[in-house]
Structures are given as structure tokens and as C-alpha cells.
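> for reference, the sequence and a predicted model appear below.
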Amino acid sequence: MYKTEITLHINGEERNVYIRNAETLLYVLREEFGLTGAKPGCLNGDCGSCTVDIDGDSMKSCLTLAVEASDKSVTTVEGLKNAAIQTEFIEKFAFQCGYCTPGFIMNCNSLIQKYPDADDTVIKDHLESNICRCTGYQEIEQAIKSALLKGSNGG
């Protein structure tokens, strides 16, 4: 089996790995690096449980080939250190079973970074890419709004 060596910049670290060209970023993160925060859910891009940040954009790692992330900055939930959205998810009880939470946190963190003045419409539109089957989205929206407010006040 032919493998290609690529360099991934994951959570601020440069890492080399040999992969098959068909391997997804989700598979490589979990199986090669033990970063299990990105979760396999639907594996077809619908649920968002596998969301990571690639060069500032939230992306579904189940749809991203690892070779596409070569030489790009990849941040997983493990790479977020005390991000405001993490604290707000806890304070607003924006989770239940927790399986989808890392994907939501990554998507919400991207939203906060890109749209610091996001209104309700932007928030609702942004959340359409992730699915939670346990709870409503009201607490998640509250967590985003609180993180946005704290961000605009200097944290």
C-alpha cells in the first residue's frame, strides 16, 4: 500500500505523518494522533460532530482529505485553551450527552472569531451546520451571545 508523507500543523505543533491519499482528516486526527475530540457521526457532512478549524474556517473533518490540510493550520477542540465559548458552554448548560459538543464548540469559536458583532440571524445561520439530537439550541445560542458580549468587553 502506497503512503505519502505530509506535514500537518495541528494545535500549534508541526507533525509529519504517512497516509494513504484517501484518508480523511478525521481518521488521521483520531487514529494517527490520538486527538479524539472530533467525533465520527454521520461521516457525510450532515451532523458537524467532526468540526475542526482549518486556517480560520470551521470545516468538517470527515469530508476533508488529510492531504488537503497539509501545510495548513488545523485546530481541534484539544487545541482550544480556555476559549470563551468553552466557559460559556459550561455556564449556560449548552450540552447534554456531550457527543456533539466539541463540534459545536469549534463551529461557535469560528463564528465568534469571524463575526464579533453577530446578530441572531448570523448565529442561527451558522448553527445550521451542526446537529444536536439531545437538546434545543437555545442554550447554545445563549453561550454564543455571552461569549460575544464578554469578547467585546475585553473578556
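Sure thing, it's come through.
> what are the structural domain limits within the protein?
Following automatic domain parsing, the chain resolves into domains at 4-79, 84-152.
> among those, which gets the worst mean confidence?
Least confident of those, judged by mean pLDDT, is domain 84-152 with a mean of 93.
> would you turn the domains of the chain into TSV with mean neighbour count?
Where C-beta positions appear, they are placed from N, C-alpha and C, glycine not excepted. What follows is the domains of the chain, written out as TSV (neighbours: other CB atoms under 10 Å):
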stretch	mean neighbour count
domain 4-79	18
domain 84-152	18
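> strands of the protein, start to end?
Using DSSP state E, the strands of the chain run over 4-10, 13-19, 51-54, 57-60, 73-75.
> which one, of those, ends up nearest to Phe93?
Distance to Phe93, taken as CB to CB, is lowest for strand 51-54 among the strands of the chain, at 20.5 Å.
> quick one: strands adjacent to that closest one?
Take DSSP bridges as the rule and strand 51-54 pairs in its sheet with strand 57-60 (antiparallel), strand 73-75 (antiparallel).
> for Thr7, which of those is the nearest?
strand 73-75 (11.0 Å).
> what sits up against that closest one?
By CB atoms under 8 Å, 6 or more residues apart in numbering, the list of residues contacting strand 73-75 from outside reads Leu8, His9, Ile10, Asn11, Leu25, Leu29, Val52, Asp53, Ile54, Asp55, Gly56, Met106.
> wait, doesn't the second one sit right on Ser70?
It stands for His9. No - assessed by CB atoms under 8 Å, His9 is found out of contact with Ser70, at 9.2 Å.
> where do the helices of this protein begin and end?
Along the chain, counting by DSSP state H, helices occupy 25-27, 84-91, 101-114, 120-127, 138-152.
> the third one vs helix 84-91, what angle?
Regarding helix 101-114 and helix 84-91, their directions subtend 130 degrees when assessed with axes from the mean of the first three to the mean of the last three CA atoms, to 10 degrees.
> ok now helix 101-114, how far from the chain's centre?
Helix 101-114 sits 6 Å away from the centroid of its parent chain (CA atoms, centre = their mean, to the nearest Å).
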